[in-house]
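Novice: got a predicted model here, sequence first, then my questions.
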Amino acid sequence: MKFKKNCRSVEYKTSGWKLSENRKAITFSDKKGIGRLKLKGTYDLNFYSIDQIKRVRLVRRADGYYAQFAVKADVRVKTKPTGKAIGLDLGIKYFLADSNGNTEEPPKFYRKSERQLNRANRKKSKKYRRGAKPQSKNYHKARKRYARKHLRVSRQRKEYCKQVAYSVIQSNDLVAYEDLNVKGLVRNRHLSKSISDAGWSTFRQWLEYFGHKYGKMTVAVPPHYTSQDCPKCHHRVKKSLSQRTHVCGNCGYTEDRDIAASLNILQKGLSTAGHAGNYAWGDLPSWAIGAILSSNGGSENQESPSM
């Protein structure tokens, strides 16, 4: 099986593939030489009819190839209302601070693995020979080891964001958060590594997915002045990034900067709750159309962004 130089996936719709009778193998008949592939994993595709499978995607990862199935299914689950609402402020000092005064420490998966990643990158670079075509087998082995380490960090971050998002959705009926322009924020060369390591976009994806699945409201509010305004009297208190405590000179209210911001986010979310369900990225997320089931038993709502 060959992919184009800069392509890591190939997608089929309702033709060009056929599942075996026991749904443990798939055969591709598009004359590209892929042929028959065994499906390893614990997910039982017999639960779905062939008509429910709308797309099949082959994805190349650093540790192998994966088959993803886009299935038309109702993923919604009825839950009892909690009568609670919460505002979330995502940051670097804390992964998140909520309007209840709780904070979540950042896991810093990349920072913790940075030494190992740099060592693997140096070993890869030592085996690279300029102008050599093709490169040696040892170089490609080192390149794959380096890629697998990055993939492990990415999966750790994804699983962490998934768990936190699930916990937040299960505990509240309305969740308000900032509509952050992450692509713009990572252009700051002083903070780009920390922002990418935090995984804000991944957390938001899972938050919106679980909100849709369990019938909870998720509201993305404009981030303007959420860290500057006083949540008590709404007086604007200008602060630098290094100033971590909110002290209002108008009413005397004092609070941690991130918690004060989460209170402002909650107030904005409650005032604009009627607009919940508008996704700031523009397009409807793929999980709202059909659940994407990976061949290894997991489920993904859409391709994770690069960060």
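Specialist: Happy to help now that I have it.
Novice: what is the neighbour count of V164?
Specialist: Close neighbours of V164, defined as other Cβ atoms under 10 Å, add up to 19. For glycine as for every other residue, the C-beta is placed from the backbone atoms N, C-alpha and C.
Novice: D63 is in contact with R148, isn't it?
Specialist: Yes: contact criterion Cβ atoms under 8 Å: D63 and R148 qualify, at 5.4 Å.
Novice: which segments of the chain make up each domain?
Specialist: According to automatic domain parsing, the chain comprises the domains 1-73+290-307, 85-110+157-284.
Novice: would you list every one of the strands in the stretch 151-300 of the chain?
Specialist: Assigned strands in the stretch 151-300 of the chain, in chain order: 174-178, 217-221, 245-247, 254-256, 291-294, 299-300 (criterion: DSSP state E, counting those that start in this stretch).
Novice: so where's the stretch 201-307 of the chain uncertain?
Specialist: Along the stretch 201-307 of the chain, segments meeting pLDDT under 70 span 273-307.
Novice: apply 90 and report the result again.
Specialist: Filtered on pLDDT under 90, the stretch 201-307 of the chain yields the residue ranges 239-243, 249-250, 252-253, 271-307.
Novice: same deal with the stretch 51-200 of the chain?
Specialist: Along the stretch 51-200 of the chain, segments meeting pLDDT under 90 span 65, 72-76, 78, 131-133, 180, 188-191.
Novice: ok, back up a step: hey, which of the domains of the chain is tucked in deepest?
Specialist: Of all these, domain 85-110+157-284 carries the top mean neighbour count, a mean of 18, counting by mean count of other Cβ atoms under 10 Å.
Novice: run the chain-centre distance for that one.
Specialist: Put simply, domain 85-110+157-284 sits 15 Å off its chain's centre (Cα atoms, centre = their mean, to the nearest Å).
Novice: same deal with stretch 34-51?
Specialist: The mean C-alpha position of stretch 34-51 is separated from the chain mean by 25 Å, Cα atoms, centre = their mean.
Novice: and if you look at stretch 28-47?
Specialist: On the basis of Cα atoms, centre = their mean, stretch 28-47 is displaced by 26 Å from the centre of the chain it belongs to.
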